[in-house]
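**Q** just the structure for this:
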Amino acid sequence: MSRGVLAGLAGALGVFTVVASLVVYMALRDWGAAWTVTGLNPFQPNVAPAVSGTPAPGDTPVPAAMVTPIPWSGAERVTILLMGLDYRDWASGAGYPRTDSMMLVTIDPITRQAGMLSIPRDLWVEIPGFPHNRINTAYPSGENNRLPGGGPGLAMRTVEELLGVPIQYYAIIEFSAFERMIDEIGGIDVLVRERIKISPIGRPSLWLEAEGNHLDGPQALAYARVRKAAGDDFGRAERQQQVALAVIDRVVGFNIIPTLVTRAPALYAELQSGIQTNMTLEQMMAFGWLAIQVPKDDIQRGVIGPPKMVGFYTLPDGQKVIRAVPDQIRVLRDEIFTQTSGLGP
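**A** Sure, this is the predicted structure:
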C-alpha cells in the first residue's frame, strides 16, 4: 500500500513525548561526557568526584557525572516548521514530494507560552526566486533546483515571507514513528465532534462516533489524515492540532515518562532513522524541556482558513487555489506570536 501522507503533527509528538526518552538514553550512553552546543542551552554535567576501584564497606558509590537539564535563559522566541510530505508524488514518478501539511510550533521562553499555526497546502503565495504558486510546491522546488538548504530551506523562507516571522528550525517525522510512539504511550483520547470515517493503514475502515474515543497509533494517524469530511483541509488541520494536544494530555496526565525511560534505547534507534531536521539532538532535548513547561491552556491555536483569512479562486487553467487575505492572516499571526511574547511585536 502507498505510504500516503505524512502527518505534520508528528513533529509535535517528537517535541512533547520523545524528549524524555532521548534525554535519559543519551545520559546513560554518554555518562560523564561534557555537552557543548551553540544556540539553545541543552544539558550541562554536574560533575562529582570520580569513583576509583571498589568502594569501601559502608561507602556509597558516586557516579562520575550526572547529566541534568538546565533552564534555557535565552529570550528569543523559538519557532519550528513541521512538514508532512505527500509520498504519492514519489509513487507517480512526479519527483520530489510536495508538502501535504505545514504547521508552525512556537514557544516564547520568557512567558512560557506557545502557539500552533496550521497553513493550508493550496495557499497561493509568492515563493522566493520563483513565480507565485501553491505553498506546497516550495519544498520540491528547493530540492529539484538544489538550492542552499534544499526543500526545507525554501519552504521556511516562503512561510517567513508569508507571515513575517523568523523560523529557525524544521522537522519532518516519518509517520511509522508517529504510530509507534502513540502505541508506546498506550494510545490517546480524543473527543470526536462529529461522526467520521477513518481508514487506518493496513486495516479495515471504521466509523468514529461523535463522542470520546480511545485511539491507538494507526487510528490516531488515520484520524489526523482524514480530508473527506466537514472542513476538508481546514478541518483536518484542526484535528491534527487536537491529536497533538491529546498526546500532551496522555504523557503529562498519565505520567508516561517513566515508561518512556525504560524504552529509551529502542525508541531512540527508531526515531533516529525517522526524523529529518536541522536541529541537533541536544537542541531537540533543550527545546523539549522548554516545551513541557508550557501549560496546555497557554498554547494558542490557529488555522489559516475561511471565512475571513482566505478566499477561493479558480486559475485560468481551471485549477482551484486558496487566495490569502494578508490583513486577516496578520491578525491571527499577532494573536499567536505577539500576544504570547514577552518582548512585544
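**Q** all helices of this protein, in order?
**A** Secondary structure of the chain (DSSP state H): helices at 10-13, 19-29, 88-91, 138-144, 150-163, 175-184, 217-225, 232-253, 257-262, 264-274, 281-291, 326-337.
**Q** what helices or strands is the fourth one leaning on?
**A** Under the contact criterion of 3 or more CB pairs under 8 Å, 6 or more residues apart in numbering; DSSP states H and E, helix 138-144 touches helix 150-163. Where C-beta positions appear, they are placed from N, C-alpha and C, glycine not excepted.
**Q** now swap in the fifth one and tell me
**A** In terms of contacts (3+ CB pairs under 8 Å, 6+ apart), helix 150-163 is packed against strand 78-85, strand 99-108, strand 113-119, strand 123-125, helix 138-144, strand 169-173, helix 326-337.
**Q** which stretches of the stretch 51-200 of the chain have low pLDDT?
**A** Along the stretch 51-200 of the chain, the parts satisfying pLDDT under 70 run over 51-74, 86-94, 174-175.
**Q** at 50 what do you get?
**A** By pLDDT under 50, the weakly predicted segments of the stretch 51-200 of the chain are 51-71.
**Q** what does the stretch 201-345 of the chain give?
**A** Judged by pLDDT under 50, the stretches of the stretch 201-345 of the chain that qualify are 230-231, 345.
**Q** give me that answer again for 70
**A** Checking the stretch 201-345 of the chain against pLDDT under 70 turns up 228-231, 252, 254-272, 274, 281-282, 285, 288, 339-345.
**Q** hmm, back to that, so which of the helices and strands packed on helix 150-163 gets nearest Gln283?
**A** Evaluated over these, closeness to Gln283 peaks at strand 169-173, with 7.6 Å, by CB to CB.
**Q** show me the contacts for Gly151.
**A** 96, 138-143 (CB atoms under 8 Å, 6 or more residues apart in numbering).
**Q** please pick the buried ones from those.
**A** Burial by neighbour count, judged by 16 or more other CB atoms under 10 Å, picks out 96, 138-143 from the contacts of Gly151.
**Q** Thr314: which of those is nearest?
**A** Nearest member of the buried ones among the contacts of Gly151 to Thr314, counting by CB to CB, is Ala138, at 21.7 Å.
**Q** my guess is the closest one contacts Glu160, does it?
**A** No: applying CB atoms under 8 Å, one finds Ala138 not in contact with Glu160, separated by 10.9 Å.
**Q** could you export the helices and strands packed on helix 150-163 as CSV, including distance to Gln219?
**A** Listed next are the helices and strands packed on helix 150-163 as CSV, based on distance: least, CB to CB, whole Å:
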stretch, distance to Gln219
strand 78-85, 18
strand 99-108, 18
strand 113-119, 21
strand 123-125, 29
helix 138-144, 28
strand 169-173, 18
helix 326-337, 29
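**Q** can you give me the neighbour number for the closest residue to Leu163 other than its chain neighbours?
**A** Spatial nearest neighbour of Leu163, excluding adjacent residues (CB to CB, 6 or more residues apart in numbering): Arg333 at 5.2 Å. Arg333: 21 surrounding residues under other CB atoms under 10 Å.
**Q** quick one: Arg333 from Ala291, how far?
**A** 20 Å (CB to CB, to the nearest Å).
**Q** over to Ser205?
**A** Going from Ser205 to Ala291 by CB to CB gives 34 Å.
**Q** repeat that for Thr137.
**A** 30 Å.
**Q** do Asp298 as well
**A** Distance from Asp298 to Ala291, counting by CB to CB: 11 Å.
**Q** who touches both of these two?
**A** Counting by CB under 8 Å, 6+ apart, the residues touching both Asp298 and Ala291 are Ala114.
**Q** just tell me which of the helices and strands packed on helix 150-163 ends up closest to Glu211.
**A** Among the helices and strands packed on helix 150-163, strand 113-119 comes nearest to Glu211, with 24.4 Å by CB to CB.
**Q** adjacent strands (with direction) for the closest one?
**A** Strand 113-119 pairs in its sheet with strand 99-108 (antiparallel), strand 299-303 (parallel), by DSSP bridges.
**Q** hang on, the earlier thing: Ile248: which of the helices and strands packed on helix 150-163 is closest?
**A** That would be strand 113-119 among the helices and strands packed on helix 150-163, by CB to CB, at 10.3 Å.
**Q** and the closest one, which residues are buried?
**A** So, applying 16+ other CB under 10 Å, buried residues of strand 113-119: 113-119.
**Q** ok, and what's touching it?
**A** Counting by CB under 8 Å, 6+ apart, 8, 12, 101-108, 135, 159, 162-163, 237-238, 240-241, 244, 291, 294, 298-304, 332-333, 336-337, 340-341 sit against strand 113-119.
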